[in-house]
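Participant: model this:
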Amino acid sequence: AMSRGLARCPAPSVKIRPTANIQRRIDSKPPGARFCFRPGMYRITQPLRPRSGDELLFLRNAVLSGAKIVRSWSRQGAYWVAEGQKQSFEPYNVPCDVNPPACEYEDLFRDGVPMRRVLNLNELGPGSFFFDESNDRIYIFEDPSGHVFEAPVAPEAIKAPGVSSATVVGAKIQMFGRHGIVAGGRWIIKRNVIRYVHSHGLRVFGQVKVRRSVISYAGNMGIFGQGDGLVFVGNELFRNNYLRFGTSAIEMWHAGAAKITNSTNTIVRRNHSHDNIGDGWWFDTDNSAVEVSDNVFEDNTRYGVFYE
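Facilitator: Prediction:
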């Protein structure tokens, strides 16, 4: 996906490098600080927790990954096995009748692309993996040499319960076990690229503003939102619900590109939502005073806009 990161760190800002203990750096400054992430791969195991008023700014090619590299494969019979895989995520309550493995939230990526999970070892074949969770073992079918395997270990990228204002700009967020960013209050989410999270790319509550971000390949849904005064302007959403959550091909229940519930004064303007499994944008249950203008919704499997 295209990088939307910044070209340089604004002054003043606290510079962060990939080798840093990020949360310790954040906690060492008074709330309301501005942090600037240098280019590089930041592999985290827990969500980053900004404090009130903090700004997290990312330079181009700064990547926030929730995955570890899976290195130690050994040949066992017809398969290759990686042991000691203790990652485990609590499923979010969404039905997966169409694709039952979607309800297993532990993913595996080969060379940056998700492999298909199977629920029985005897179903294993090219491009798929089996996770024997009770014995902490991942099985694959093909020789792993020459490939990079990554497995998410962090549930979310950025999440700070109780923090009512923070800003996230320019992050490239990928490979998380549940969600990308969970934000509330008056957070500002701008120019971020979020992809390959198992559940929701963004979960926003309150008056969060989401601008010029690209959300794709969220396993279940690109954006979930509720609140008073949510703003979505200039975003692109595509290929969300790629894990085909839902009770049938047309009964999404809780899946697709974007779903807003229990909201007032929501603005949806100049977004492009396309090629999602589900609706381009879905307003479900108790929404009022909504503005939807100048958007393009195309090539989604159900409706362009669904307003219940």
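Participant: which one in this structure is furthest away from the centre?
Facilitator: G77 (35.5 Å; CA atoms, centre = their mean).
Participant: tell me the contacts of it?
Facilitator: Residues near G77 by CB atoms under 8 Å, 6 or more residues apart in numbering: none. (Glycine included, C-beta is placed from N, CA and C.)
Participant: equivalent analysis for A78, please.
Facilitator: F141.
Participant: cool, and R239?
Facilitator: S216, Y217, D275, N276.
Participant: correct me, but the second one touches N240?
Facilitator: I take that to be Y217. Yes: with contact defined as CB atoms under 8 Å, Y217 reaches N240; the gap is 7.0 Å.
Participant: neighbour-wise, which of those two wins?
Facilitator: N240 (29 against 20; other CB atoms under 10 Å).
Participant: with adjacent residues omitted, what lies nearest to that one?
Facilitator: G222 (4.0 Å; CB to CB, 6 or more residues apart in numbering).
Participant: so that neighbour: helix, strand or coil?
Facilitator: strand (DSSP: H, G, I helix; E, B strand; the rest coil).
Participant: pull up the per-residue confidence for it.
Facilitator: What the model reports as pLDDT for G222 is 98.
Participant: quick check: bridge partners of the closest residue to V14 other than its chain neighbours?
Facilitator: Nearest residue to V14 in three dimensions, chain neighbours excluded: F35, at 5.0 Å (CB to CB, 6+ apart). Per DSSP bridges, residues listed as beta-bridge partners of F35: V14, L56.
Participant: what about F35, distance to S213?
Facilitator: According to CB to CB, to the nearest Å, F35 and S213 sit 19 Å apart.
Participant: show me which of those two is the more surrounded one.
Facilitator: More crowded of F35 and S213, by other CB under 10 Å: S213, with 30 against 21.
Participant: ok, that one - contacts?
Facilitator: Going by CB under 8 Å, 6+ apart, the list of residues near S213 reads R4, I189, K190, R191, N192, V193, I194, L202, N235, E236.
Participant: keep only those of those that are in strands.
Facilitator: Of those, the ones assigned to strands by DSSP state E are I189, K190, V193, I194, L202, E236.
Participant: from I267, how far out is the fifth one?
Facilitator: Remark: distance between L202 and I267 (CB to CB) = 15 Å.
Participant: likewise for the last one?
Facilitator: Relative to I267, E236 is positioned 17 Å away (criterion: CB to CB).
Participant: likewise the fourth one?
Facilitator: When CB to CB is the yardstick, I194 and I267 sit 20 Å from each other.
Participant: in stretch 72-89, what counts as buried?
Facilitator: The neighbour-count check on stretch 72-89 (16 or more other CB atoms under 10 Å) flags W73, Y79, W80, V81, A82, Q85, Q87, F89 as buried.
Participant: the contacts of S213: which two are farthest apart?
Facilitator: R4 and L202 (14.5 Å; CB to CB).
Participant: follow-up on the earlier one: which among the contacts of S213 end up buried?
Facilitator: For the contacts of S213, a burial check counting by 16+ other CB under 10 Å picks out R4, I189, K190, R191, N192, V193, I194, L202, N235, E236.
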